[in-house]
Structure formats: C-alpha cells, structure tokens
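>>> sequence and predicted structure, then a few things I'm wondering about:
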Amino acid sequence: SQKIEQNSEALNIQEGKTATLTCNYTNYSPAYLQWYRQDPGRGPVFLLLIRENEKEKRKERLKVTFDTTLKQSLFHITASQPADSATYLCALGSMNSGYSTLTFGKGTMLLVSP
Amino acid sequence: DAGVIQSPRHEVTEMGQEVTLRCKPISGHNSLFWYRQTMMRGLELLIYFNNNVPIDDSGMPEDRFSAKMPNASFSTLKIQPSEPRDSAVYFCASKSTAANSPLHFGNGTRLTVT
C-alpha cells in the first residue's frame, strides 16, 4: 500500500543550526512534491515545490532535495530561528485522469530554541 | 485577497446531530478540496471538486458525509448524523487549475462531537 513517512518525533535544534527533515515514500510515483508549514490552530501554508525531474530547489533559507531512486525528499532550513518552530508536512502530488491531488505525510514538528 | 474562509471555527455538538461546515474558496480558483486532520491519521483527503463538479469522493468515510458546491464561491460539508469518531479538524483548500499549483488552506473547523 502507499505510504508517506515523516519522523513522528519532534526535532529539537539550537538557533543558527541547520534543520533537516525527511520524507520517505513507498509505492508512489509522484509527479511532484510540495512542502508545507503548519502552525498550531492554522491551516498548512505552502513553502516549496519540486518536480520529479528536479534534484534540488532553493528559496531563501530553505532547500529541498528530491531523490526518486531513494524515494526520499529532504527539507533543510539553514540558520534556523525560533520563528521557524512549526510542523512541516510533505505532500506528494499525482495525476489521476487529468486532475492533480496531494497526499500528505503526518508531519514533523520542529522546535528551534534560542 | 482574503484567502480561504471557513466557518465556524469551532463546533461542539452532540452525537446524532447534523453538522454543516462551510467554505469560501479564493476567487478564481477552480479546484476545491475537503481534508480532515487527526493526530492518528494526519491529513486525509475526503473529496474534491473541479469547476463545482465532484471529481472524487472516495475519501468520504461513510454515507453520513456529504459535500456540495452549488457555485464557484461556496461549498459545504455535512455530517448527518454525527458521531464522536467524527471529531477532528476539517480543512477546506482551493487551488488554480495548473497541475502542480499549491493548495491554499483555510484555518479549519475544529469539530467536537460528544
């Protein structure tokens, strides 16, 4: 069966360090992958998109990699700040009959301490 | 742009009662999605619409759940009768028709069924 796995344990890091979050999947052939940030009591907010033929994307302090052989995406936040503390969700995009849908992992909570 | 608007933000009801959740998508977005989020199962896709037409409702858990989109600016998710296991946060999201465009989420409705 299809599975998306993100580390269920919270990631605790110190301010200024690089946070790395992992998204692994099985029995999927995603056309693209997206990362979202979710704060308590709020809906997820889109951060980055990476397509199946792309290895890496960057946006300011964020970097995403996508390895379709390993079936894994890594999400990096460099020079992390306490304001980066949130839950980060990966989502795999697939096309069915011409319509695209997203399936989400359960997310990993990131805690950045000052 | 006001974003995706959901109402109510919180709903507490007794088992057996009818519950109606409401969503106003972003103007110009052609696709609308209803998701449910719980700690155990994460974000689950319930149903999605394209140009007001339901495309896939295979995620709707039971016949007690129904969704409508009478026009491009309004959708409802109804649960009748509600049960305690329906307690969750329900999110509405909309997107443009571009294949890998991101989802824009509302801030959800927290439903508690006692």
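Arrived safely.

>>> strand partners (parallel or antiparallel) of the helix or strand hosting residue A:46?
Per DSSP states H and E: residue A:46 is located in strand A:45-51. Partners of strand A:45-51 in the sheet, by DSSP bridges, are strand A:32-38 (antiparallel).

>>> near chain B, which residues of chain A are found?
Applying CB under 8 Å from any CB of the partner chain, we find that chain A lies next to chain B at A:31-32, A:34, A:36, A:41-46, A:49, A:51, A:89, A:91, A:93, A:95-96, A:99-107. Where C-beta positions appear, they are placed from N, C-alpha and C, glycine not excepted.

>>> at 6 Å instead, please
When proximity is defined by CB under 6 Å from any CB of the partner chain, chain A lies next to chain B at A:32, A:42, A:43, A:44, A:46, A:49, A:93, A:99, A:100, A:104, A:106.

>>> check contacts around whatever residue of chain B ends up closest to chain A.
At 3.0 Å from chain A, residue B:105 is the closest residue in chain B, using CB to the nearest CB. For residue B:105, the contacting residues are A:43, A:44, B:91, B:93, by CB atoms under 6 Å, 6 or more residues apart in numbering or on different chains.

>>> 10 Å - rerun?
By CB atoms under 10 Å, 6 or more residues apart in numbering or on different chains, the residues touching residue B:105 are A:36, A:38, A:42-46, B:3-4, B:6, B:33, B:35, B:43, B:91-94.

>>> same question, residue B:16
Residues near residue B:16 by CB under 10 Å, 6+ apart: B:80, B:81, B:82, B:83, B:113.

>>> quick one: which of these is most hemmed in?
The residue in the contacts of residue B:16 with the most neighbours, by other CB atoms under 10 Å in any protein chain shown, is residue B:82 (23 neighbours).

>>> which one is the spatially most central residue of chain B nearest to, not counting chain neighbours?
The geometric centre of chain B, computed from its C-alpha atoms, lies nearest to residue B:34 (CA atoms, centre = their mean), at 3.2 Å. Of all residues not flanking residue B:34 in the chain, residue B:46 sits nearest, at 4.4 Å (CB to CB, 6 or more residues apart in numbering or on different chains).

>>> name the residues of whatever helix or strand that neighbour lives in that are buried.
Taking DSSP H and E as the criterion, residue B:46 maps to strand B:42-50. Buried residues in strand B:42-50, counted by 16 or more other CB atoms under 10 Å in any protein chain shown: B:42, B:43, B:45, B:46, B:47, B:48, B:49, B:50.

>>> residue B:75: which of the residues you listed is nearest?
residue B:49 (6.8 Å; CB to CB).

>>> ok, the closest one - contacts?
B:25, B:30-34, B:55-57, B:67-69, B:72, B:75, B:94.

>>> which parts of chain B sit against chain A?
Contact residues (CB under 10 Å from any CB of the partner chain) of chain B with chain A: B:3-4, B:6, B:9, B:31, B:33, B:35, B:37-45, B:48, B:50, B:55-56, B:59, B:89, B:91-93, B:95, B:97-108, B:110.

>>> of the residues you listed, grab the buried ones for ChimeraX.
Remark: buried members of the residues of chain B next to chain A, expressed as a ChimeraX selection using 16+ other CB under 10 Å:
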select /B:4,6,31,33,35,37,42,43,45,48,50,55,56,59,89,91,92,93,95,100,101,102,103,104,105,106,107,108,110
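
>>> what pLDDT does the model give residue B:32?
Note on residue B:32: pLDDT of 97.
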